[in-house]
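K.L.:
sequence first, then the predicted structure, then my questions.
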Amino acid sequence: MRIATTGMPDLTPTDKTGASAAADDTPAPASTASSAASAGPSQSAALAPALAALRKMPDIDLAKVDQLRDALAKGEMPFDPAKLAGLIKRFHGGHS
């Protein structure tokens with residue numbers, strides 16, 4: 001899931017001096033290889049797959065996240081930390 005808020009770091013490729021490769025504030029293009037390639041060979045190889053995966057993620061409904069957080073804080077929603085730990089472990093390749 002991708003969070004569509006202003007709290008995301010700027011992933012605009014930079015040149016060797018650290019200056020932004022984009023001359024204006026337009027959003028980065030949807031292509032993965034071309035936008036990362038302008039950052040240099042080592043950065044493009046590492047960033048292209050990550051940027052592609054980030055762009056494919058759906059947006060997060062922040063209002064729903066707030067509702068769930070409030071319900072958890074008020075005790076209106078059950079929370080099982082062992083179950084959460086098992087789901088995280090399974091997601092990241094662990095076998096439980």
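P.N.:
Cool, got the structure.
K.L.:
phi, psi for D59 please.
P.N.:
Main-chain dihedrals, D59, degrees, to the nearest 10: phi -70, psi 160.
K.L.:
so is M77 in a helix, a strand, or just coil?
P.N.:
Look at M77: counting by DSSP: H, G, I helix; E, B strand; the rest coil, its state is coil.
K.L.:
burial of it, as a residue count?
P.N.:
Applying other Cβ atoms under 10 Å, we find 12 residues neighbouring M77. C-beta coordinates here come from the backbone N, C-alpha and C atoms, glycine included.
K.L.:
mean confidence score for the helix or strand where L51 lies?
P.N.:
Per DSSP states H and E: L51 is located in helix 41-56. The predicted model gives helix 41-56 an average pLDDT of 83.
K.L.:
same check on stretch 75-83?
P.N.:
In the prediction, stretch 75-83 has an average pLDDT of 92.
K.L.:
show me the contact partners of that stretch.
P.N.:
68, 71-72 (Cβ atoms under 8 Å, 6 or more residues apart in numbering).
K.L.:
which parts of this structure are helices?
P.N.:
Ranges of helices in the chain, per DSSP state H, are 32-37, 41-56, 62-74, 81-91.
K.L.:
elements contacting the helix holding L51?
P.N.:
helix 32-37 (3 or more Cβ pairs under 8 Å, 6 or more residues apart in numbering; DSSP states H and E).
K.L.:
so of the helices of the chain, which one's packed in deepest?
P.N.:
Compared across these, helix 32-37 shows the largest average neighbour count, a mean of 17 (mean count of other Cβ atoms under 10 Å).
K.L.:
separation between R55 and A48?
P.N.:
Counting by Cβ to Cβ, to the nearest Å, the gap from R55 to A48 is 11 Å.
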